[in-house]
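S.K.: give me the fold of what follows.
(one chain, ligands or ions: 1)
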Amino acid sequence: MSCRSCASENQKEFGSEISIHFPGLKGLDNATVLVFPRLVICVDCGLTEFTIPNAELQRLREPDAFQRPKMPRPPSTFSR
Ligand SMILES: [Zn+2]
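M.R.: The predicted structure is shown next:
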């Protein structure tokens, strides 16, 4: 199969690990989604394609269902 961007036949497969972050400040409340896709990289133009598995797609669709645990707040006053 040739590259969709530059039509090169010079594509190679690589293993990878990708940590997907949700955008914006609200995204900080969600845990990142870690995936290990096989990448198909055009080594001429850099176009890269990969598929995210269904379980991780579900986490991207419904980030509020997978919020990271809230960190306990430190006490607001300290007694001596
Ligand atoms: Zn290309």
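S.K.: give me phi/psi at the residue nearest the centre of the chain?
M.R.: Using CA atoms, centre = their mean, the residue of the chain that lies closest to the mean C-alpha position is residue 20, 1.9 Å off. Here is the backbone geometry of residue 20 (degrees, to the nearest 10): phi -100, psi 120.
S.K.: now it. Nearest residue, chain neighbours left out?
M.R.: Nearest residue to residue 20 in three dimensions, chain neighbours excluded: residue 33, at 4.4 Å (CB to CB, 6 or more residues apart in numbering). For the C-beta atoms, the positions are set from N, CA and C on the backbone; glycine is no exception.
S.K.: got it, and residue 38?
M.R.: In space, and not counting its chain neighbours, residue 38 is closest to residue 13: 5.5 Å by CB to CB, 6+ apart.
S.K.: the one you found and residue 29, how far apart?
M.R.: 35 Å (CB to CB, to the nearest Å).
S.K.: and if you look at residue 41?
M.R.: Residue 41 is 33 Å from residue 29, by CB to CB.
S.K.: compare the two (neighbour count), which wins?
M.R.: Just comparing residue 41 and residue 29: by other CB atoms under 10 Å the higher neighbour count belongs to residue 41, 18 against 12.
S.K.: which element is the more buried one on?
M.R.: strand 39-42 (DSSP states H and E).
S.K.: for residue 55, what are phi and psi?
M.R.: phi -60, psi -40.
S.K.: that one: neighbour count?
M.R.: Residue 55 has 9 nearby residues by other CB under 10 Å.
S.K.: dump the residue contacts of the closest residue in space to residue 18 that isn't next to it in sequence.
M.R.: Closest residue to residue 18 apart from its sequence neighbours, by CB to CB, 6+ apart: residue 35 at 5.2 Å. With contacts defined as CB atoms under 8 Å, 6 or more residues apart in numbering, residue 35 is in contact with 17-18, 20, 52-53, 56.
S.K.: could you list the low-pLDDT ranges of the chain?
M.R.: Within the chain, the ranges that satisfy pLDDT under 70 run 67-73, 75, 77-80.
S.K.: quick one: the strands in it?
M.R.: With DSSP state E as the criterion, the chain has strands at 11-14, 18-20, 33-35, 39-42, 48-49.
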